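*Asks:* Sequence first, predicted model second:
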Amino acid sequence: MTNFDGNEKKSPRVEIDLEKIHGNTKRLKDFFDQRGISMMCVTKGVLGSPPIARAMVEAGVKLLADSRIENLKRIRDAGIDASLVLIRTPSMGKVKDVVKYADISVNSEISVIERLSLEAGNQKKIHGIILMVDLGDLREGILPRDLGQTLLKIMPLTGVKILGIGTNLGCIGGVLPDQAKMNQLSSIARDLEQRFNIRFDIVSGGNSANYNWVKSAGDIGRINNLRIGEMIFTGRETVDYARVEFLETNTISLAAQVIEVKEKESLPRGTITTDAFGAVPNFADRGTITRAIVEIGRQDVLISGLTPVGDMEILGASSDHIVIDLKKMHVQTGDEIRFHMDYGAMLSAMTSPYIEKIYLNSPHVLEQQF
Ligand SMILES: *Cc1c(COP(=O)(O)O)cnc(C)c1O
């Protein structure tokens, strides 16, 4: 791997392989394109990292989406050429920034849409709206029976334009985005289009959890967009977490230095009470083992989402330490241990100010963005 900034020995660090992210974006985009579905790339898992956003745009993606307006601002300020979509329904207090930094937002409350329209007028803009429809996952969204009424209220507003509808499944309620749910969204779209004599540009059927449906769907109906984040980074679909054969896994990995290696017993000595986080630990007796400590902890990363590379095992973690059973691996103090990360671990590691972010394999990225 090529290193562009000479920082590769900073620890702890995440290494972000822009070439892999670019490749995954391109192959997924082709996969969805062939089925008549456009892809918004969701950057919230990587804090709206401009180098990553740029790699996605270079792969041909026209829409970038994030749940945080701060992340969209970061992308906008970096001068990246894409339409920006806010995919968490905006709060009243952020309406000004939403209009300023996002071209489009998803919405479910008429009171917020009215404010967006006013603010867009002030900023001499037309703000795009995607109306979220709740199909049973019970997070954001207008109930299907209330959609007509909401549309009637939005149509006279001059600062906003309805671009389409969308739904989000597989999040809070864990509802599977299956053919029945997608048929329902399609028929809602068709019905509204007919009743109001409009045409939706965007009918956004969901997120990475929709991959299996797209793969096997005979009829995608009116669904013509998905908002995809996780699987670009992990190379796995998010229902069964199976590997997607044409994607790279581990586009982002974590490395941290070992600060102690000692042979110690596997069972704590003394009266056992609660650990640093209020739980009573329970360790298996493996006799004497070689224990390594790495300089990273729960303050930095979701430990349950880490898999050390090599035959070793995480025994436990506190705020600033992870303790590892090295088994037969030869590791010394000063060496590094590398970890693969699931999406939750990646999200937390990207958010930790203590972890350096190093970009690999891009000719464009010459400086740290964090
Ligand atoms: C996070 C999010 C997505 C992307 O989900 P992934 O599982 O990362 O693909 C899509 N839509 C909304 C509304 C989201 O909040």
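*Replies:* Perfect, I can see it now. Numbers count the residues shown, from 1 in each chain.

*Asks:* Name the residues of stretch 57-66 that are buried.
*Replies:* 57-59, 61, 63-66 (16 or more other CB atoms under 10 Å). For the C-beta atoms, the positions are set from N, CA and C on the backbone; glycine is no exception.

*Asks:* same question but for stretch 102-114, I mixed them up
*Replies:* 102-110, 112-114.

*Asks:* Can you tell me which of those residues is nearest the ligand?
*Replies:* Among these, residue 106 lies closest to the ligand (CB to the nearest ligand atom), at 6.3 Å.

*Asks:* secondary structure element for the closest one?
*Replies:* strand 104-107 (DSSP states H and E).

*Asks:* Show the average pLDDT along that strand.
*Replies:* Taken as a whole, strand 104-107 has an average pLDDT of 98.

*Asks:* could you pull out the helices for the protein?
*Replies:* 18-33, 50-58, 69-77, 95-101, 110-122, 147-154, 179-196, 211-216, 230-234, 343-351 (DSSP state H).

*Asks:* dump the residue contacts of the spatially closest residue to residue 261 that is not a sequence neighbour.
*Replies:* Using CB to CB, 6 or more residues apart in numbering and skipping the chain neighbours, the partner closest in space to residue 261 is residue 292 (4.9 Å). By CB atoms under 8 Å, 6 or more residues apart in numbering, the residues touching residue 292 are 258, 260-261, 312, 323-324, 326, 331, 337.

*Asks:* a markdown table for the residues you listed, including distance to residue 152 and pLDDT?
*Replies:* Below are the contacts of residue 292 laid out as a markdown table (distance: CB to CB, whole Å; pLDDT from 0 to 100):
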| residue | distance to residue 152 | pLDDT |
| --- | --- | --- |
| 258 | 63 | 98 |
| 260 | 66 | 98 |
| 261 | 68 | 98 |
| 312 | 61 | 98 |
| 323 | 60 | 98 |
| 324 | 60 | 98 |
| 326 | 66 | 98 |
| 331 | 66 | 98 |
| 337 | 59 | 98 |
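
*Asks:* Would you write a ChimeraX line that selects the buried entries of those residues?
*Replies:* Of these, the buried ones go into a single ChimeraX selection, burial set by 16+ other CB under 10 Å:
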select :258,261,312,323,324,326,331,337
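
*Asks:* Relative to residue 37, how far out is residue 28?
*Replies:* The spacing between residue 28 and residue 37, counted by CB to CB, to the nearest Å, is 10 Å.
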